[in-house]
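Peer 1: Output the structure for:
(2 chains)
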2 protein chains.
Amino acid sequence: MKALAGMEVDRPPFWIMRQAGRYLPEYRAVRATTRDFVSFCLDSEKACAVTLQPIERFGMDAAILFSDILIVPHGLGQDVRFVEGEGPRLAPVTNGAELAALTMDRFHEKVGPVYETVRLLAKRLPGDVALIGFAGAPWTVATYMVAGQGTSEQKPARLWAYRDPTGFETLIDLVTTATIEYLAAQVEAGAEVLQIFDTWAGSLPEDEMERWVFRPIARIRAALKARFPHVPVIGFAKGIGPALPLLAPATGVEAVGIDPTVPLGFVRDQVQPTAVVQGNLDPLLVVSGGKAMHDRIETILRTLGPDRFIFNLGHGVVPETPPEHVAALAKQIRDWHR
Amino acid sequence: MKALAGMEVDRPPFWIMRQAGRYLPEYRAVRATTRDFVSFCLDSEKACAVTLQPIERFGMDAAILFSDILIVPHGLGQDVRFVEGEGPRLAPVTNGAELAALTMDRFHEKVGPVYETVRLLAKRLPGDVALIGFAGAPWTVATYMVAGQGTSEQKPARLWAYRDPTGFETLIDLVTTATIEYLAAQVEAGAEVLQIFDTWAGSLPEDEMERWVFRPIARIRAALKARFPHVPVIGFAKGIGPALPLLAPATGVEAVGIDPTVPLGFVRDQVQPTAVVQGNLDPLLVVSGGKAMHDRIETILRTLGPDRFIFNLGHGVVPETPPEHVAALAKQIRDWHR
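Peer 2: Numbering: from 1, shown residues only, chains lettered A, B, ... in the order given. Take a look at the predicted model:
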């Protein structure tokens, strides 16, 4: 919280994206007790348990709610499933009629268990560990809603947006409204920080980025600010590269997530003056580990730390990561000081 | 050629990546006569015919040799196949022993039909149409050689590079050497310009980008410069965003390809001073067509043209593109003047 407020810190705080996940045997043990992934995300006790696991094992400075970005379309009434080894499958929304079937009417009821998870976490987390709530950004969530699955270049959503920007905006507006309500309820349940994941922002040219990435996030940020002026928001727009210096000014987020491919000098000179920055170790360096990982961590800490900086990976930790490499990463950062 | 030399032009020249391809019915007709894709690439008469098709239909200012970046691993003795609807399948090279089986010994013999295609094109192309030869960059080609197929994040090659940089460098060096010989032979056969495609450069952090993208391309550029001082090279490193201003200074290429996500102001202010630039219309805007496409083309032309600029898409034209949209694009550019 101090780092996000721009205050001086002894060392940068750290957490790692997808820290509650498949690379941990204790996660796999809990996960194995529920077949369906959406049901697993909506099981507050289990979601709370796996959220706490990495904190107990590695001592991260923040816990991030265990959930999934597709819980929002589920709350809007879209059919969302996860196929083992293949990823999400949704009943695609490709036109106005399919879009009209989605509604906020039962949203809070359907996603309510997520709020209960946050309440449990707020009670059970150590007081010095920040609790991060999250949601997918409207653009990224919409890419799944339109395609009905993950896609390498987000073509279905991008084509809809080109062919019928007004219709597509109706979808984006609905997701934006839902996301505001969803994040507000997480704050009311105890979330202290919020992160918005725009994983597929990087597939858009600048005009579309302005319209489908910056504008919806700005609307979310403003609505939350009006209700919870002291809750900071981290915006993570993966792959937007040269547009990163625009993200915080255009949206009002307090912090900007940095993916692994962004040069550190660019981050320091052009992004950090606009916002607190968070990132950006390559998750594959934690798979390989060793000196190369430690050297890069040191370079990141020296270049971007200690203030106005949160150490993290540049993308989610991958399942094949040895937990002992994460332990070595955690030790290096905890032992570091200005 | 004038644009690449930095000379004044009446309007920017144009061609479009993958202009000889599946969106054209006349391409599909020729393609249907050969089952195996590698054999098709190595059929000089057919490869020449499809290279000429878009020139005849749309009047582009440049023709690009029809071939595939995986012809180089084929020349090195790796088993390369294409599975209908799935993409390339190679016998993966994952360690030193598998790497040692690859050799330059029969390279020119195996890829020789490509040189014959270039010779045919040099004879048959109108004199005012530039002939572009090409190869994949060593990094991108290596990602397929190591994974044995296309991968969304190039994990196998990236992990090998982290775990065993010296071993991986042996692979990169071999591909670099082969690429130099391959491009040199294309120039001897009549190619007037060369483009190097580093489609997956954007998955690498900065140190790896320097080692696996910039350094091999610089070696290729220097070797070709020594033999053919007047043949310009276009470097296309997709997705490297903030590192684009470094590409030409680090490698010596005369021109830099720009993918669709890079903001035009960034290109004009930070890339164009270092090199001629080429790009960057979103291929999906040519699928949707109409006013949105024409408006964006006009914006690109006004921002980056007319000099030190080659109009192109920011990535390859996609199969679902209506040819009449390409015709409208071509007309707009041919009618444009400073």
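
Peer 1: how much space between A:Gly265 and chain B?
Peer 2: 8 Å (Cβ to the nearest Cβ, to the nearest Å). (C-beta placed from N, C-alpha, C; glycine too.)

Peer 1: how about the residues of the stretch 201-338 of chain A near chain B?
Peer 2: Neighbours of chain B within the stretch 201-338 of chain A, by Cβ under 8 Å from any Cβ of the partner chain: A:202-207, A:209, A:239-244, A:260-264, A:266, A:270, A:280, A:282, A:284-285, A:287-288, A:292, A:296, A:314, A:318.

Peer 1: Could you list which of the residues you listed belong to helices?
Peer 2: A:Glu206, A:Asp207, A:Leu244, A:Leu264, A:Phe266, A:Leu284, A:Leu285, A:Val287, A:Ser288, A:Ala292, A:Arg296 (DSSP state H).

Peer 1: ok and the residue in the stretch 51-200 of chain A nearest chain B?
Peer 2: At 3.8 Å from chain B, A:Tyr162 is the closest residue in the stretch 51-200 of chain A, using Cβ to the nearest Cβ.

Peer 1: My error: substitute the stretch 101-250 of chain A in the last question.
Peer 2: A:Gly241 (2.3 Å).

Peer 1: burial of that residue, as a residue count?
Peer 2: 25 (other Cβ atoms under 10 Å in any protein chain shown).

Peer 1: And the strands in chain A?
Peer 2: With strands called from DSSP state E, chain A shows them at A:62-64, A:80-83, A:87-90, A:130-136, A:193-198, A:233-237, A:255-258, A:276-281, A:309-313.

Peer 1: among these, which is nearest B:Val30?
Peer 2: Closest to B:Val30 of the strands of chain A, according to Cβ to Cβ: strand A:87-90, at 36.7 Å.

Peer 1: Now do the contacts for the closest residue to A:Arg11 other than its chain neighbours.
Peer 2: Using Cβ to Cβ, 6 or more residues apart in numbering or on different chains and skipping residues adjacent in sequence, the residue nearest A:Arg11 is A:Trp336, 4.9 Å away. A:Trp336 sits next to A:Arg11, A:Pro12, A:Leu301, A:Gly305 when contact means Cβ atoms under 8 Å, 6 or more residues apart in numbering or on different chains.

Peer 1: how close does the third one sit to chain B?
Peer 2: I take that to be A:Leu301. 15 Å.

Peer 1: And for the first one?
Peer 2: Look at A:Arg11 and chain B: by Cβ to the nearest Cβ, they are 22 Å apart.

Peer 1: Beta-bridge partners for the most centrally placed residue in chain A, please?
Peer 2: What sits nearest the mean C-alpha location of chain A, by Cα atoms, centre = their mean, is A:Phe197, with 3.8 Å. With DSSP bridges as the criterion, A:Phe197 is bridged to A:Gly136, A:Phe236.

Peer 1: these two touch, right, it and A:Gly133?
Peer 2: No. Counting by Cβ atoms under 8 Å, A:Phe197 does not reach A:Gly133; the two are 11.6 Å apart.

Peer 1: Neighbours of A:Pro319, how many?
Peer 2: 13.

Peer 1: give the contact list for A:Pro319.
Peer 2: A:Pro319 neighbours (Cβ under 8 Å, 6+ apart): A:Gly21, A:Arg22, A:Tyr23.

Peer 1: do A:Glu86 as well
Peer 2: By Cβ under 8 Å, 6+ apart, the contact set of A:Glu86 is empty.

Peer 1: circling back: dump the residue contacts of the residue of the stretch 101-250 of chain A closest to chain B.
Peer 2: Here A:Gly241 is in contact with A:Gly202, A:Thr261, A:Val262, B:Gly239, B:Ile240, B:Gly241, B:Pro242, B:Thr261, B:Val262 (Cβ under 8 Å, 6+ apart).

Peer 1: repeat that with 7 Å
Peer 2: Neighbour list for A:Gly241: A:Val262, B:Gly241, B:Pro242 [criterion: Cβ atoms under 7 Å, 6 or more residues apart in numbering or on different chains].

Peer 1: distance of the last one from B:Met209?
Peer 2: Shown here: B:Pro242 relative to B:Met209, a distance of 11 Å by Cβ to Cβ, to the nearest Å.

Peer 1: hang on, the earlier thing: quick one, which of the ones in helices among the residues of the stretch 201-338 of chain A next to chain B are buried?
Peer 2: Among those, those classed as buried by neighbour count (16 or more other Cβ atoms under 10 Å in any protein chain shown) are A:Glu206, A:Leu244, A:Leu264, A:Phe266, A:Leu284, A:Leu285, A:Val287, A:Ser288, A:Ala292, A:Arg296.

Peer 1: I'd like these written out as a markdown table, with distance to B:Ile180 and pLDDT added.
Peer 2: Formatted as a markdown table, those follow (distance: Cβ to Cβ, whole Å; pLDDT from 0 to 100):
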| residue | distance to B:Ile180 | pLDDT |
| --- | --- | --- |
| A:Glu206 | 36 | 96 |
| A:Leu244 | 35 | 98 |
| A:Leu264 | 32 | 98 |
| A:Phe266 | 31 | 98 |
| A:Leu284 | 29 | 98 |
| A:Leu285 | 31 | 98 |
| A:Val287 | 32 | 98 |
| A:Ser288 | 30 | 98 |
| A:Ala292 | 29 | 97 |
| A:Arg296 | 31 | 98 |
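
Peer 1: how about JSON lines for the residues you listed, with distance to B:Pro216 added?
Peer 2: Output for those, formatted as JSON lines (distance: Cβ to Cβ, whole Å):
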{"residue": "A:Glu206", "distance to B:Pro216": "30"}
{"residue": "A:Leu244", "distance to B:Pro216": "27"}
{"residue": "A:Leu264", "distance to B:Pro216": "23"}
{"residue": "A:Phe266", "distance to B:Pro216": "23"}
{"residue": "A:Leu284", "distance to B:Pro216": "20"}
{"residue": "A:Leu285", "distance to B:Pro216": "21"}
{"residue": "A:Val287", "distance to B:Pro216": "24"}
{"residue": "A:Ser288", "distance to B:Pro216": "21"}
{"residue": "A:Ala292", "distance to B:Pro216": "20"}
{"residue": "A:Arg296", "distance to B:Pro216": "21"}
